[in-house]
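Novice: Quick one: sequence plus predicted model below, questions after.
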Protein chains: 2
Amino acid sequence: MERLKILVVDDESRMRKLVRDFLVKNNFDVVEAGDGEAALDLFFADKDIALVVLDVMMPKMDGWQVCREIRAYSRVPIIMLTARTDEQDELQGFQLGVDEYIAKPFSPKILVARIEAILRRTNQYNGEEILSCGGIKIDRTAHQVWIDGEAIDLSYKEFELLTYFVENKGIALSREKILNSVWDYDYFGDARTIDTHVKKLRSKMGEKGNLIKTIWGMGYKLEESEDGKPER
Amino acid sequence: MERLKILVVDDESRMRKLVRDFLVKNNFDVVEAGDGEAALDLFFADKDIALVVLDVMMPKMDGWQVCREIRAYSRVPIIMLTARTDEQDELQGFQLGVDEYIAKPFSPKILVARIEAILRRTNQYNGEEILSCGGIKIDRTAHQVWIDGEAIDLSYKEFELLTYFVENKGIALSREKILNSVWDYDYFGDARTIDTHVKKLRSKMGEKGNLIKTIWGMGYKLEESEDGKPER
DNA sequence: CGAAATTATGTTGATTTTGTGAAAATCACT
DNA sequence: AGTGATTTTCACAAAATCAACATAATTTCG
């Protein structure tokens, strides 16, 4: 599958970098614009932009206006980044043809998940809806997890964390890394909170709980399979 | 692959030298700056700096400020050197677009590993993720070692030490050298500690343990293969 | 061979890191 | 505002690691 190109529009370069880094890591191409005009120029010059991520709050031309102008000529999927709370906006946005909202601050993981979901909906992307690994099965749209065929209940964070583990199975993950992708980008708190979630995950996962290995002095890792650990 | 250029910014010349020496040994080009202003001058004068290593604590302009100014114009990867403990800082830095943190004191080996990982992520560098040597296989991302296909558990230090041996297979390594790259730069303890770790490594490695040769009066060496040693 | 130097090994205590349960804070919904 | 669920923090227990040391074994070299 060729890499899909995403246009990211935000006046803050840090936010652009955040979004870009995460998208690139997830195999998308990214083009950026720092204001509405540049965004429109880029969008109409470049015929193969698969999706647009648009900050609402921008000086000069705001996100709504950019959205309106794009919609006058194109049905490309548009995701809006908004400040929490504003429900009024959502209404306005849906009338304008916005496909999805993401409230700031969001977790990078959620951003990517939403983008992939939309692209999947529009048949431009066929990533997996169902993840699985050593008896763990995850349905992302249904937000449901099965262990050896048995459905288990997980809270939101637990689900996100387990999904992240499965997406990165076999890779040693530092707490730092986990925080930076599963938690909102402005989360400032104790990395040990991860331990608590891991504890709950392990217990809810029953026998399969020990697929989540502790890497002492480093972090955690989801083992791809149970075997390969004979001695000790 | 041409040599990549790294800008090292720290007010302590001792630290700059430490970092420089290690990077040069690992085939990077290094330019140094002793304060924030010099760093910015150098950075904007020199168009092909591939990565910046930045100490947080500096007189006059601190690391955050330097980071901000660089980020206003560039997305070059930035690694911050911080005092242990300060988690608050990490949040701030993340918003500024810092790519990685390394807590002082660090081991030179870790510094190089992180730098290479980031450059790999940004596709500027294609070193190996998997090392191997005479039946020993090391997956750095998984933090996992196999001996003849069997996974073995190693502690953090043991893993670092074995990786160092494999990276330098066939080369005689003095205890001094080993300490200076695998241990934190402020460790001034007994070099005999290495012996203890070598002992544990050898025993965990089973038969392959004797690939780690003692070089009497000198240090240790990892043999590239078991056979082919008729003389001696 | 034997003494001196060096390395191997087993043990131990201090330190660091992780596990765990419970309390506190936050959030979602009514 | 009130309730229950979720998330985070905290404190202490448990576990793992690490450095150091003492003693045994090995190598070197006179």
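Specialist: That came through, no problem.
Novice: In chain A, which residue sits nearest DNA strand C?
Specialist: Residue nearest to DNA strand C within chain A: A:T214 (3.7 Å; C-beta to the nearest atom of the strand). C-beta: built from backbone N, CA, C; applies to glycine.
Novice: bridging residues for that residue?
Specialist: Counting by DSSP bridges, A:T214 forms beta bridges with A:Y220.
Novice: Give the burial count for it, as a bare number.
Specialist: Residues lying near A:T214 (other C-beta atoms under 10 Å in any protein chain shown) number 13.
Novice: The one 10 residues further on too?
Specialist: The local packing count at A:E224 equals 15, with neighbours defined by other C-beta under 10 Å.
Novice: A:L40 too?
Specialist: 18.
Novice: what pLDDT, on average, does stretch A:220-232 get?
Specialist: Stretch A:220-232 shows a mean pLDDT of 63.
Novice: I'd guessed the residue of chain A closest to DNA strand C sits against A:L222; true?
Specialist: No: using C-beta atoms under 8 Å, A:T214 is not in contact with A:L222, being 11.4 Å away.
Novice: Show the pLDDT at A:T85.
Specialist: 62.
Novice: again, but for the one 10 residues further on
Specialist: Model confidence at A:Q95, given as pLDDT, is 76.
Novice: Low-confidence ranges, chain A, go.
Specialist: A:1, A:84-93, A:226-232 (pLDDT under 70).
Novice: can you give me the helices for it?
Specialist: Taking DSSP state H to define them, one finds helices in chain A at A:13-25, A:36-45, A:63-71, A:87-96, A:108-121, A:156-167, A:175-182, A:193-204.
Novice: Of all those helices, which one is nearest chain B?
Specialist: helix A:13-25 (4.5 Å; C-beta to the nearest C-beta).
Novice: Identify the residues contacting the nearest residue to A:F22 once chain neighbours are set aside.
Specialist: Here the nearest residue to A:F22 in space, its sequence neighbours aside, is A:P108; by C-beta to C-beta, 6 or more residues apart in numbering or on different chains that works out to 4.2 Å. Neighbouring residues of A:P108 by C-beta atoms under 8 Å, 6 or more residues apart in numbering or on different chains: A:18-19, A:22, A:180-181, A:185.
Novice: Would you mind listing what in chain A touches chain B?
Specialist: A:13-14, A:17-18, A:20-21, A:25, A:170-172, A:176, A:180, A:185-188, A:190-191, A:215-218, A:221, A:228-232 (C-beta under 8 Å from any C-beta of the partner chain).
Novice: Buried only: go through those for me.
Specialist: Among the residues of chain A next to chain B, those classed as buried by neighbour count (16 or more other C-beta atoms under 10 Å in any protein chain shown) are A:13-14, A:17-18, A:20-21, A:171-172, A:180, A:185, A:215, A:221.
Novice: From these, pick the one nearest B:L40.
Specialist: Nearest to B:L40 among those, counting by C-beta to C-beta, is A:S13 at 16.4 Å.
Novice: wait, the closest one sits on A:A33?
Specialist: No: using C-beta under 8 Å, A:S13 makes no contact with A:A33, being 11.1 Å away.
Novice: Can you name the residues that contact the nearest residue to A:F165 once chain neighbours are set aside?
Specialist: Nearest residue to A:F165, sequence neighbours excluded (C-beta to C-beta, 6+ apart): A:L222, at 4.0 Å. By C-beta under 8 Å, 6+ apart, the contact list for A:L222 reads A:133, A:165-166, A:168-170, A:211-213.
Novice: Mind putting those into CSV with distance to DNA strand D?
Specialist: Listed next are the contacts of A:L222 as CSV, based on distance: C-beta to the nearest atom of the strand, whole Å:
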residue, distance to DNA strand D
A:C133, 21
A:F165, 15
A:V166, 17
A:N168, 19
A:K169, 21
A:G170, 19
A:L211, 17
A:I212, 15
A:K213, 11
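Novice: Now rank these by neighbours and give me the top one.
Specialist: Busiest of the contacts of A:L222 [other C-beta under 10 Å] is A:F165, holding 26 neighbours.
Novice: Tell me the residues of chain A that contact DNA strand C?
Specialist: Proximity of chain A to DNA strand C (C-beta under 7 Å from any atom of the strand) is limited to residues A:192, A:195-196, A:198-199, A:202, A:214-219.
Novice: Closest to A:D148 out of the residues you listed?
Specialist: Nearest to A:D148 among those: A:R202, at 15.2 Å, using C-beta to C-beta.
Novice: tell me the contacts of the closest one?
Specialist: A:209-210, A:212.
Novice: Tell me the span between the first and last residue of stretch A:133-149.
Specialist: 12 Å (C-alpha to C-alpha, to the nearest Å).
Novice: Any buried residues in it, and which?
Specialist: Buried residues in stretch A:133-149 (16+ other C-beta under 10 Å): A:133-138, A:140, A:145, A:147.
Novice: For A:H143, what are phi and psi?
Specialist: Dihedral pair for A:H143: phi 60, psi 50, per degrees, to the nearest 10.
Novice: shouldn't it be in contact with A:E158?
Specialist: No: when contacts are counted by C-beta under 8 Å, A:H143 is not listed as touching A:E158 (10.9 Å).
Novice: Quick check: the gap between A:L162 and A:D184.
Specialist: As judged by C-beta to C-beta, to the nearest Å, A:L162 and A:D184 stand 18 Å apart.
Novice: what does A:P59 give?
Specialist: Relative to A:D184, and taking C-beta to C-beta, A:P59 is found at 25 Å.
Novice: Between those two, tell me which one has more neighbours.
Specialist: Counted by other C-beta under 10 Å, A:P59 and A:D184 do not tie: A:D184 has more neighbours, with 15 against 8.
Novice: give the contact list for the more buried one.
Specialist: A:105-107.
Novice: how about those in TSV, adding neighbour count?
Specialist: Output for the contacts of A:D184, formatted as TSV (neighbours: other C-beta atoms under 10 Å in any protein chain shown):
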residue	neighbour count
A:P105	16
A:F106	17
A:S107	21
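Novice: Out of those residues, which comes closest to B:A151?
Specialist: Using C-beta to C-beta, those come closest to B:A151 at A:S107, 31.8 Å.
Novice: List the residues that contact A:V56.
Specialist: Per C-beta under 8 Å, 6+ apart, neighbours of A:V56: A:62-64, A:80-83, A:89.
Novice: ok, now how distant is it from A:D62?
Specialist: Going from A:V56 to A:D62 by C-beta to C-beta gives 6 Å.
Novice: Kindly report the same for A:G34.
Specialist: Using C-beta to C-beta, A:G34 is found at 14 Å from A:D62.
Novice: which non-adjacent residue is nearest A:L4?
Specialist: Closest residue to A:L4 apart from its sequence neighbours, by C-beta to C-beta, 6+ apart: A:A50 at 4.1 Å.
Novice: Give me the distance between stretch A:8-26 and the centre of its chain.
Specialist: Relative to the chain's own centre, stretch A:8-26 is displaced by 12 Å; criterion: C-alpha atoms, centre = their mean, to the nearest Å.
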